[in-house]
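Build me a structure from this.
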Amino acid sequence: MKSIQTILLATDFSIPAKRAEERAALLAAEHEARLILLHCLPGRALQRLREHLMPGHAGAEAHLLEHYRAALQRLAEDLAGRWRIEVTPRLVAGQAHREISDAASESGADLVVLGARGEHPAMAFFLGSTAERVVRESPVPVLVVRNEAREPYARVLAALDLSRHAEAVVEIARLAAPTAALTLGHAFEVPFEGKLQFAGASAEEIGRYRQEEREQSLVTLRALADSRAPGADIRVEHGLADAVLMRLLEETSADLVVAGKHGSSEFIDLLLGSMTKHLLREAACDALVVPPAPEGAA
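Below you'll find the predicted structure:
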């Protein structure tokens, strides 16, 4: 299993970003990883500033950039000093989600960390949050932080759809929180269950189909736990994935949920599985989203 060696932390200096900063620093200290601290200035706003600057005031942009460089440097020094980690500040300009994803690729980051909401949550409501956009585009796992980081994660729920990507989800869950209690959770439905009664199936037959589906899911999860997460708790529940997983989060008191970027029903949303999108928006805990493993990866 690959270790976490480089973490990319994106900040906009907002209060939600402060929580992400602390969690990223804690993880960097846990894994002895280097931390890249990234702040992205909005490219269009900078362009408008250049267009409206009067002659003789062109230095205003330089002063603005220096202000953010200094703020970023102070934050880097603070995190490095308190957590005894290596922190590299980096200031860029452009569209935040694209710059973060590009920086993750260029730096060879193993993990991207950012806050659940940014400086302008009302705008994010209409345009889709930066977090969701980064999750869609990032080539590496993305940790979306909601809560304060007081200690390492203690209880983790891996939300699994039993697709071929489930193994990668479990591996990252164990890697990110090696000391946490891990639950493998899966929600299942009987194919065409709502139509079976109209087709003449009895309640007993439908119940038997449900039990068969549940047993098949349990066999798959047990094999996955044996190979990737010995000792993990296994929960298989009948119902819609969104409702089942939210209930499991509450019952397990999870402080981190880990899910794949795509569900088994990718036609629902080609960019982000519907279950994962729901968890990002509704889960009260932090969420770690894992991209599909490359074809042929071990």
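
which residues does Leu249 contact?
Taking C-beta atoms under 8 Å, 6 or more residues apart in numbering, we find Leu249 in contact with 157, 257, 283-285. Placement of C-beta: from N, CA and C, glycine included.

my bad, Asn147
Contacts for Asn147 (C-beta under 8 Å, 6+ apart) come out as 19, 255, 284-286.

ok so Thr179 is a strand residue?
No - counting by DSSP: H, G, I helix; E, B strand; the rest coil, one finds Thr179 to be coil, located in no strand.

What about the contacts of Leu249, which are in strands?
When strands are assigned by DSSP state E, the members of the contacts of Leu249 inside them are 157, 257.

Farthest pair within the contacts of Leu249?
Across the contacts of Leu249, the longest distance by C-beta to C-beta is 11.9 Å; it joins Leu157 and Ala284.

Who has more neighbours out of these two?
Leu157 (29 against 13; other C-beta atoms under 10 Å).

in the sheet, who's paired with that one?
When assigned by DSSP bridges, Leu157 has beta-bridge partners Thr183, Val257.

Might one say that it is in contact with Val257?
Yes - with contact defined as C-beta atoms under 8 Å, Leu157 counts as touching Val257 (4.9 Å).

Overlap in contacts, those two.
Going by C-beta under 8 Å, 6+ apart, residues that sit against Leu157 and also against Val257 are 245, 249.

Show the low-confidence segments of this protein, by residue range.
By pLDDT under 70, the low-scoring segments of the chain are 1, 43-61, 118-128, 190-203, 206, 262-273, 293-298.

quick one: the helices in it?
15-31, 43-52, 59-83, 96-107, 121-127, 130-137, 166-176, 193-196, 203-228, 241-252, 274-282 (DSSP state H).

neighbouring contacts of stretch 76-93?
The contact list for stretch 76-93 (C-beta under 8 Å, 6+ apart) reads 21, 25-26, 28-29, 33-43, 46, 65, 68-69, 72-73, 75, 99, 103.

Would you mind checking these for buried ones?
If you count burial by 16 or more other C-beta atoms under 10 Å, the buried members of the contacts of stretch 76-93 come out as 21, 25-26, 28-29, 33-41, 68, 72, 75, 99, 103.

quick one on the thing from earlier: would you mind telling me which of the helices of the chain is nearest Thr6?
helix 96-107 (6.0 Å).

what does that closest one rub up against?
Helix 96-107 is contacted from outside by 6, 8, 10, 12, 36, 38, 40, 42, 90, 92-93, 109, 112, 114, 118, 130, 133-134, 136-140, using C-beta under 8 Å, 6+ apart.

Any of those residues buried? List them.
For the contacts of helix 96-107, a burial check counting by 16+ other C-beta under 10 Å picks out 6, 8, 10, 12, 36, 38, 40, 90, 92-93, 109, 112, 114, 118, 130, 133-134, 136-138, 140.

Quick check: closest non-adjacent residue to Glu151.
Of all residues not flanking Glu151 in the chain, Leu26 sits nearest, at 7.9 Å (C-beta to C-beta, 6 or more residues apart in numbering).
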